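Visitor: Provide a 3D model corresponding to the input given below.
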Amino acid sequence: MNPLCSRCDKVVYPTEKVNCLDKYWHKGCFTCEVCKMTLNMKNYKGFDKKPYCSQHYPKSSFTSVADTPENLRLKQQSKMQSQVQYKEEFEKNKGKGFSVVSDTPEMQRVKKTQDQISNIKYHEDFEKSRMGGEGSPTNAFNSPGFQQPAQSPSFNYDPQPVRSAAAHPPPSSGGKRYRAVYDYAAADEDEVSFADGDLIVDVQQIDEGWMFGRVERTGKQGMLPSNYVQAI
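Guide: As a prediction, the model looks like this:
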């Protein structure tokens, strides 16, 4: 008994029979499921026991994972483990510093603040070292056996006489000219504030970290940190 065609359900005789995909077809019925192009045994592609041309062959796609209670539980557990691992790594590396720091505006601001604090500390230590020589008044005042009178109208001790004297050198028209490369806010009465790009004139070097000069824009003069300006 002759089989029936899988496409037209009519009898397929041996002379026109195509046996493929576990089915029987007429040669004219063995066509693509989408475009109906006639296929043969060399150019067809089977999918779900149906013939397709290469153009319309179904593409396999990923199925989305359903948010079942079990999947949600696993997702939450994975998230908690990630957070625990992050905290452990943070605690382990805390205090060791960062290997790579992005040069963002925020990091530049922090760096400038740190530099400013370092400069002030350096200047204070420098002045103390200059005032703390053997036989100087500072040495006597700072000795363990010395006690400052509680109230004495005639006693007026200046803790930084050297800095006060060095902070106001006579202005010199022959001083160097510098350009500010950062904003600076004065931290003491003998310092001068300026903005990025300001011209600093009549500059005189005080020590390795500080200078004395006049801000041309404001006309004010005073001490300023050397690493905040650049020579013109």
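Visitor: alpha carbons only for contacts and neighbour counts from here, please
Guide: Fine.
Visitor: How far off centre is the host helix or strand of Ser118?
Guide: Using DSSP states H and E, Ser118 falls within helix 105-131. On the basis of Cα atoms, centre = their mean, to the nearest Å, helix 105-131 sits 24 Å off its chain's mean C-alpha point.
Visitor: got it, and stretch 182-200?
Guide: Put simply, stretch 182-200 sits 28 Å off its chain's centre (Cα atoms, centre = their mean).
Visitor: Only the buried residues of that stretch, if you could.
Guide: Across stretch 182-200, burial judged by 16 or more other Cα atoms under 10 Å covers Tyr182, Tyr184, Asp190, Glu191, Val192, Ser193, Phe194, Ala195, Asp198, Leu199, Ile200.
Visitor: could those be laid out in CSV, adding pLDDT?
Guide: CSV is the format used below for the buried residues of stretch 182-200 (pLDDT from 0 to 100):
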residue, pLDDT
Tyr182, 94
Tyr184, 94
Asp190, 91
Glu191, 94
Val192, 94
Ser193, 95
Phe194, 96
Ala195, 95
Asp198, 96
Leu199, 95
Ile200, 95
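Visitor: Considering those residues, which is situated nearest to Trp25?
Guide: Within the set of these, Tyr182 lies nearest Trp25; the separation is 84.9 Å, counting by Cα to Cα.
Visitor: wait, doesn't that closest one sit right on Gln230?
Guide: No - judged on Cα atoms under 8 Å, Tyr182 makes no contact with Gln230 at a distance of 9.8 Å.
Visitor: Point out the other elements, helices or strands, that whatever helix or strand Asp202 lives in touches.
Guide: Per DSSP H and E: Asp202 is located in strand 199-205. Contacts defined by 3 or more Cα pairs under 8 Å, 6 or more residues apart in numbering; DSSP states H and E place strand 199-205 against strand 176-180, strand 210-215.
Visitor: most packed of the ones you listed?
Guide: Neighbour counts (mean count of other Cα atoms under 10 Å) averaged over each of the helices and strands packed on strand 199-205 peak at strand 210-215, with a mean of 24.
Visitor: Give the other helices and strands that that one contacts.
Guide: Here strand 210-215 touches strand 199-205, strand 221-225, going by 3+ Cα pairs under 8 Å, 6+ apart.
Visitor: what about Lys42, neighbour count?
Guide: Neighbourhood size, Lys42 [other Cα atoms under 10 Å]: 6.
Visitor: measure it to Asn19 for me?
Guide: Here Lys42 is placed at a distance of 13 Å from Asn19 (Cα to Cα, to the nearest Å).
Visitor: do the same with Lys87
Guide: 65 Å.
Visitor: Ok, Val203 next?
Guide: From Val203 to Asn19 the distance is 100 Å (Cα to Cα).
Visitor: No more questions from me, cheers.
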